[in-house]
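# next comes the sequence, and after it the predicted model I'd like to discuss.
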Amino acid sequence: MPRFSGEASLRILVTGSAGFIGYHLARRLLAEGHEVVGFDGLTPYYDVALKEQRHAMLEAMPGFRPVIGRLEDAAAIEAAFADGPEVVVHLAAQAGVRYSLEAPFSYTDSNVTGTLAVLEAARARPVRHLLVASSSSVYGMAGRASRETDKTDEPVSLYAATKKATEAITHSYAHLFDIPTTCLRFFTVYGPWGRPDMAPFKFTEAIAEGRPISIFGEGRMRRDFTYVDDVVVAVRRLIEAVPVKGAPVAGDSLSAVAPWRVVNIAGGRPVELMRFVSAIEAAMGREANKELLPMQPGDVTDTAAEVGLLRTLVGEVPATPVEDGVQAFVEWFRGWRGS
């Protein structure tokens, strides 16, 4: 498959640049000397101050141009695409399985309508590679290592359903308008500057404040936890690996009619949730007061990735041990709270 070769820099649009993964990816791209337009709505789903801090650090780096706006805002999308990006990494989305029970329309507005707006802009100004955030949630209650060619017809949350819709819409645009597209199925990404609504942040904050932590699924859940620096390395390398029409994927013709593919972004080493909690306790130097609770609606018991395709495309898979990743997160958390 084609790669960008012999080019010192690229013009790259990153949507969701004030978000967790988007911030880390944009920072890596800027450090490499690429021009980055960072698009973000700074929505109040969680503490906007955290998003503003991330964006402020990016704005201090040469080559960064911020555009603040919602995906549904045509003028904001027009401004984001004004420089003619060669690559678009579309990470902006309404995240969170549980919140989709409270604010369902925010998911269709952002994840479906918003993605369609990005696709229309990419259609008008052809890009060399479009990468779009998806989620391991599309696999539903798989209960085993999930492979990109598995059927994903039974989402168990609205969030998962909108990500499934995102994949389907991008496939149609890849086919109709020849937009090379890679959908990134992220598996439980964590690390410094992580989201406050996710378990690592919530557990660490509760332990620091002496509050009990709520462990759903009564501690029997497993997650393919993936450290954010490893995710950035994988996505950065995937930018260069442009899909082509009809290319075989992991021994299957996954994309016979379009330059499109999905790729699991994970290490393929699921970890019991209680081990993850133990790693936080060790890094914090204190034991958590644990409340074991039943599963919440929309949650799944296990997430695990088959990562052969990722290894084929980028040469390696995320490998940071949970204990090391948690230690780095806790060190960041202490410094962030102190500031």
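Yes, it's here.
# going forward, measure contacts and count neighbours with C-alpha atoms only.
Will do.
# report the secondary structure state of the closest residue to Y139 other than its chain neighbours.
Distances taken as C-alpha to C-alpha, 6 or more residues apart in numbering put T152 closest to Y139, at 5.2 Å, once the chain neighbours are dropped. Using DSSP: H, G, I helix; E, B strand; the rest coil, the structure places T152 in coil.
# separation between T152 and H171?
Distance, T152 to H171, using C-alpha to C-alpha, to the nearest Å: 14 Å.
# tell me which element the residue nearest to N264 when sequence neighbours are not counted falls in.
Spatial nearest neighbour of N264, chain neighbours left out: R185 (4.8 Å); criterion: C-alpha to C-alpha, 6+ apart. Taking DSSP states H and E as the definition, R185 sits inside strand 181-186.
# partner strands of the helix or strand following that strand and their direction?
Scanning forward in sequence from strand 181-186 by DSSP H and E, the next helix or strand is strand 189-190. Strand 189-190 pairs in its sheet with strand 226-227 (parallel), by DSSP bridges.
# what sits up against the strand it pairs with?
With contact meaning C-alpha atoms under 8 Å, 6 or more residues apart in numbering, strand 226-227 is reached by 187-191, 265-267, 318, 320, 322, 325.
# mind checking pLDDT for R3?
With respect to pLDDT, R3 has a value of 64.
# which residues of the protein fall in helices?
Taking DSSP state H as the criterion, the chain contains helices spanning 20-31, 48-59, 74-80, 104-107, 115-124, 158-177, 199-208, 228-240, 273-284, 308-314, 322-338.
# confidence-wise, which of the ones you listed is weakest overall?
Across the helices of the chain, helix 104-107 gives the lowest mean pLDDT, at a mean of 89.
# got the buried residues for that one?
106-107 (16 or more other C-alpha atoms under 10 Å).
# now it - C-alpha only, CSV.
Taking Å, rounded to 0.1, in the frame of the first residue of the first chain, the C-alpha atoms of helix 104-107 are listed here in CSV:
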residue,chain,number,x,y,z
PRO,A,104,-28.8,10.4,23.3
PHE,A,105,-29.2,13.2,20.7
SER,A,106,-25.7,14.6,21.5
TYR,A,107,-24.4,11.3,20.1
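# how far is it from where the chain is centred?
Chain-centre distance of helix 104-107: 18 Å, with C-alpha atoms, centre = their mean, to the nearest Å.
# please name the residues that touch T115.
Per C-alpha under 8 Å, 6+ apart, neighbours of T115: 71, 90, 166.
# circling back to that earlier point, ok, the residue nearest to N264 to M57 distance?
On the measure of C-alpha to C-alpha, R185 and M57 end up 27 Å apart.
# mind putting the helices of the chain into JSON lines with distance to P66?
Listed next are these as JSON lines, based on distance: least, C-alpha to C-alpha, whole Å:
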{"stretch": "helix 20-31", "distance to P66": "11"}
{"stretch": "helix 48-59", "distance to P66": "7"}
{"stretch": "helix 74-80", "distance to P66": "8"}
{"stretch": "helix 104-107", "distance to P66": "23"}
{"stretch": "helix 115-124", "distance to P66": "16"}
{"stretch": "helix 158-177", "distance to P66": "24"}
{"stretch": "helix 199-208", "distance to P66": "27"}
{"stretch": "helix 228-240", "distance to P66": "20"}
{"stretch": "helix 273-284", "distance to P66": "34"}
{"stretch": "helix 308-314", "distance to P66": "29"}
{"stretch": "helix 322-338", "distance to P66": "23"}
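# quick one: closest of these to G246.
helix 158-177 (10.8 Å; C-alpha to C-alpha).
# what angle do that closest one and strand 181-186 make?
160 degrees (axes from the mean of the first three to the mean of the last three C-alpha atoms, to 10 degrees).
# residues in contact with helix 158-177?
Counting by C-alpha under 8 Å, 6+ apart, 95-97, 100-101, 104, 107-108, 111-112, 115-116, 119, 123, 134-135, 137-138, 140, 152, 155, 179-181, 183, 257-260 sit against helix 158-177.
# ok, now with 7 Å
Contacts of helix 158-177 with the rest of the structure, by C-alpha atoms under 7 Å, 6 or more residues apart in numbering, involve 96-97, 100, 107-108, 111-112, 115, 123, 134-135, 137-138, 155, 179-181, 183, 257-260.
# one more: stretch 69-87?
In contact with stretch 69-87 (C-alpha under 7 Å, 6+ apart) are residues 10-13, 37, 39-41, 67, 110, 113-114, 117, 125, 127-130.
# now a ChimeraX select for only the buried ones of these.
To isolate the buried ones among the contacts of stretch 69-87 in ChimeraX, judged by 16+ other C-alpha under 10 Å, type:
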select :10,11,12,13,37,39,40,41,67,110,113,114,117,127,128,129,130
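# just the ones of the contacts of stretch 69-87 in strands?
11-13, 37, 39-40, 67, 129-130 (DSSP state E).
# looking at the residues you listed, which is nearest W332?
D40 (23.1 Å).
# make sure the closest one is actually in contact with R65.
No: counting by C-alpha atoms under 7 Å, R65 is not a contact partner of D40; they are 11.3 Å apart.
# and the gap between the residue nearest to Y139 and L130?
Taking C-alpha to C-alpha, one finds T152 at 22 Å from L130.
# what of V326?
Taking C-alpha to C-alpha, one finds V326 at 31 Å from L130.
# noted, bye for now.
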